[in-house]
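Visitor: Need the 3D shape of this:
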Amino acid sequence: MNPFQRLKQLPWLPLLQVSAITILCVVILETALFTGLQQVPELWNGFIRLLSSVLGVVILGAIAYGVGALGLLLLERLQATVRPNASVLWTLIACLLLMVWLKTLLPLNGLIGLDSLSLVGITLGVFTTGRRYWRRY
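Guide: Alright, predicted model coming up:
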């Protein structure tokens with residue numbers, strides 16, 4: 001079978017919709033976090049210090065992991081017609097990364113950007129949360 005034919009058969013539109021909703025949730029949470037922290041200067045300074053330390057890498061990786069897990073959770077809840085398997089999970093990762101890239105084009109402050117840490121975190125979040133789907137076959 002032609003590999004491009006297999007790409008055409010993937011459920012791109014539902015996965016793009018789920019990814020957009022996921023990133024919209026992330027933008028809302030980031031905006032609420034930044035707005036709340038900027039109200040108290042001591043908390044804002046502590047947050048900046050925390051992110052600039054070595055622990056900041058772990059926190060940003062955990063946030064990316066959460067984005068991947070949230071994407072799969074929303075896929076399960078909102079798109080019941082899409083049956084996840086390994087190909088669908090990889091497509092979800094691609095859609096999430098596309099939406100993260102689009103988010104970085106907006107003039108918003110954010111904790112998640114398009115970098116290798118986000119790629120690894122989102123991939124781990126999707127595949128560890130969706131273990132039951134990629135081990136099925």
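
Visitor: Identify the residues contacting the spatially most central residue of the chain.
Guide: The residue lying closest to the centre of the chain (CA atoms, centre = their mean) is residue 67, at 3.1 Å. Contacts for residue 67 (CB atoms under 8 Å, 6 or more residues apart in numbering) come out as 22-23, 26, 96, 100, 112, 118, 121-122, 125. Quick note: C-beta positions are derived from backbone N, CA and C, even for glycine.

Visitor: can you do 10 Å?
Guide: Contact analysis of residue 67 by CB atoms under 10 Å, 6 or more residues apart in numbering lists 19, 22-23, 25-26, 96-97, 99-100, 111-112, 118, 121-122, 125-126.

Visitor: Which parts of the chain are helices?
Guide: Assigned by DSSP state H, the chain shows helices spanning 3-8, 12-39, 41-52, 54-78, 86-105, 116-129, 131-134.

Visitor: on contacts alone, who are the packing partners of the last one?
Guide: Counting contacts by 3 or more CB pairs under 10 Å, 6 or more residues apart in numbering; DSSP states H and E, helix 131-134 is packed against helix 54-78, helix 86-105, helix 116-129.

Visitor: Tell me which residues of the first one come out buried.
Guide: Going back to what we said before, that points to helix 54-78. Residues 60-61, 63-75 are the ones in helix 54-78 that count as buried (16 or more other CB atoms under 10 Å).

Visitor: could you check the angle helix 116-129 makes with it?
Guide: Relative orientation of helix 54-78 versus helix 116-129 (axes from the mean of the first three to the mean of the last three CA atoms, to 10 degrees): 50 degrees.

Visitor: Show me the shaky parts of the protein.
Guide: 1, 3, 135-137 (pLDDT under 70).

Visitor: thinking again about what came up before, closest to residue 50 among the buried residues of helix 54-78?
Guide: residue 60 (10.8 Å; CB to CB).

Visitor: what about that closest one, distance to residue 120?
Guide: Using CB to CB, to the nearest Å, residue 60 is found at 11 Å from residue 120.

Visitor: Residue 110 and residue 28 touch, don't they?
Guide: No: taking contacts as CB atoms under 10 Å, residue 110 lies outside contact range of residue 28: 11.4 Å.
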